[in-house]
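# A predicted structure for the sequence below; I have some questions about it.
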Amino acid sequence: MVKIAVCGAAGRMGGRIIAAVKEADGVELSGALERPGHPMLGQDAGFNAGLGAIGIAISDDLNAVVKGCDVLIDFTSPKVSLKNLEICALQKKSIVIGSTGFTPEERALAKELAKDISVVLAPNMSVGVNVAFKVLADMAKILGDDFDVEIVEAHHRLKKDSPSGTAVRMGEVVATALGRDYNKVANFHREGICGERTKEEIGMQTIRGGDIVGEHTVYFIGMGERIELTHRAHTRDMFSRGSVRAAKWVVKAKPGLWDMQDVLGLK
């Protein structure tokens, strides 16, 4: 039985992950973590998940929660995730990170901390999105430089990072397949007399509003034809189920920094 602890247990995503853990076979919830001073500290973690009392109180004791688990699932923010990763590394425990908005420097630090423990870090835990990543690479290679690439993503009004981690990963996948450097060709802003579109650039556009869970569309636009690949998330449950799947996988994996492509055997 894999013991799973959940960070951000009082949040919307944390509640769905707890529910997914309780529904899954071969795993059990061992701890629920929140930031110091959170109003739900001490309350049963099952209430936020819509499960009623499950006998696990929400705690702010990071060391104790990590000590009692085999793997920590963290969907918070890069800074919090890196702090949690550091504690997991010290205690030789695995971690699954679904936080988005990591800078290249933060990803490099995560890779360094993952030398002695197994870590899954992925901007999107959805099985469908990760299949899309693989398909996008094939599409880009086949279509080549004759098609312009534009990526549009939409999320709820409370999302803090932009563009989404999933959109960035899609851009990276396409850029790599085309032999380009994403950090040099990504275009996040067009306004006024901005000149003609370059052949190499990948447009990155963002929509924020309401309660959109997540939508991503990649456009391959040629002369006289267009291909669109779209993924729409209807609920957060696919992310939570994917994170549990990753948790069951990562405890058996070798030390290192992995992603959902590794978990799903898509590489």
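Great, that's in hand.
# Just the C-alphas of the helix ranked longest in the chain, formatted as CSV.
Assignment by DSSP state H gives helix 127-143 as the longest helix of the chain. Provided in CSV are the C-alpha atoms of helix 127-143 (Å, rounded to 0.1, in the frame of the first residue of the first chain):
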residue,chain,number,x,y,z
VAL,A,127,-3.5,11.4,-19.8
GLY,A,128,-5.2,13.2,-22.7
VAL,A,129,-2.9,16.2,-22.6
ASN,A,130,0.2,14.0,-22.5
VAL,A,131,-1.0,12.0,-25.5
ALA,A,132,-1.4,15.4,-27.2
PHE,A,133,2.2,16.3,-26.4
LYS,A,134,3.3,13.2,-28.3
VAL,A,135,1.0,13.8,-31.2
LEU,A,136,2.1,17.5,-31.5
ALA,A,137,5.7,16.4,-31.9
ASP,A,138,4.8,14.1,-34.8
MET,A,139,2.6,16.8,-36.4
ALA,A,140,5.3,19.4,-36.2
LYS,A,141,7.9,17.1,-37.7
ILE,A,142,5.7,16.2,-40.6
LEU,A,143,4.3,19.7,-41.3
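# can you give me how far stretch 89-105 is from the chain middle?
Stretch 89-105 sits 11 Å away from the centroid of its parent chain (Cα atoms, centre = their mean, to the nearest Å).
# scratch that, stretch 190-202
29 Å.
# do the same with stretch 60-79
Using Cα atoms, centre = their mean, the offset of stretch 60-79 from its chain centre is 16 Å.
# after the longest helix of the chain, next one along is what?
Scanning forward in sequence from helix 127-143 by DSSP states H and E, the next helix or strand is strand 148-155.
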